[in-house]
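Asks: Below are the sequence and a predicted model; questions follow.
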Amino acid sequence: VILTDSAIDRLKYLSKERNKTQYLRLRVDSGGCYGFSYMLDMTEEPEESDIVIDRGGAKMVIDDMSLPLVRGATIDWQDRLIGQAFLVLANPQSSGGCGCGSSFEIKL
C-alpha cells in the first residue's frame with residue numbers, strides 16, 4: 001500500500017497532537033453499489049490479525065483478509081472545501097467503482 005506525502009504528514013501530525021501513535025485502519029467490507037466498500041478510520045492499537053505498515057514514521061493497519069483486495073492501492077489525505085478525509089485514490093485490484101470512490105469491484 002502506498003501512502004502519499006500528504007497522508008504521511010497527516011498521520012504524523014495526528015500522532016504528535018495526541019502524543020500517542022495513531023494508526024490509519026483500512027478495511028474492506030462487502031457492500032456498496034459495486035460489491036465492496038473501503039472503510040477508513042483511526043485506531044490507537046493494532047488488532048492481533050492486523051498487518052502494520054510503516055511509511056516514513058506514519059503507521060497504518062490492514063487486516064489480513066482485506067490486504068489482498070487493496071494490495072498496491074494509494075491512500076491520500078485530502079483537505080478540501082467539502083471536507084477532510086483519507087481516501088483510496090487508486091487500487092490496482094479494482095476493475096471499477098462508484099463515483100464517490102467509496103465502493104469498488106474486484107478484478108477477476
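Replies: Perfect, I can see it now. Numbers count the residues shown, from 1 in each chain.

Asks: What is the helix ranked longest in the chain packed up against?
Replies: For the chain, the longest helix by residue count, based on DSSP state H, is helix 5-18. In terms of contacts (3 or more C-beta pairs under 8 Å, 6 or more residues apart in numbering; DSSP states H and E), helix 5-18 is packed against strand 58-63, strand 74-80. No exception for glycine: its C-beta is placed from N, CA and C like everyone else's.

Asks: Mean pLDDT lowest where, among these?
Replies: Lowest mean pLDDT within these: strand 74-80, at a mean of 94.

Asks: Just the element for the most centrally placed residue in the chain, please.
Replies: In the chain, the centroid-proximal residue (C-alpha atoms, centre = their mean) is Leu26; its distance is 3.9 Å. If you go by DSSP states H and E, Leu26 is part of strand 23-30.

Asks: Against which helices or strands is that strand packed?
Replies: So strand 23-30, by 3+ C-beta pairs under 8 Å, 6+ apart, packs with strand 36-43, strand 58-63, helix 67-70.

Asks: Please name the strands paired to it in the sheet, noting orientation.
Replies: strand 36-43 (antiparallel), strand 58-63 (parallel) (DSSP bridges).

Asks: With mean neighbour count added, can I get those strands in TSV?
Replies: Output for these, formatted as TSV (neighbours: other C-beta atoms under 10 Å):
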stretch	mean neighbour count
strand 36-43	16
strand 58-63	22
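
Asks: and of these, who's closest to Ser103?
Replies: strand 36-43 (4.7 Å; C-beta to C-beta).

Asks: between that closest one and strand 74-80, what angle do the directions make?
Replies: Inter-element angle recorded for strand 36-43 and strand 74-80: 70 degrees (by axes from the mean of the first three to the mean of the last three C-alpha atoms, to 10 degrees).

Asks: Would you mind writing the CA trace of strand 36-43 as PDB?
Replies: Extracted in PDB, the C-alpha atoms of strand 36-43 (Å, rounded to 0.1, in the frame of the first residue of the first chain):
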ATOM      1  CA  PHE A  36     -17.000  -3.900  -1.800                       C
ATOM      2  CA  SER A  37     -16.600  -0.800   0.300                       C
ATOM      3  CA  TYR A  38     -13.500   0.900   1.800                       C
ATOM      4  CA  MET A  39     -13.600   1.600   5.500                       C
ATOM      5  CA  LEU A  40     -11.000   4.100   6.800                       C
ATOM      6  CA  ASP A  41     -10.800   5.100  10.400                       C
ATOM      7  CA  MET A  42      -8.300   5.800  13.100                       C
ATOM      8  CA  THR A  43      -7.100   3.500  15.900                       C
END
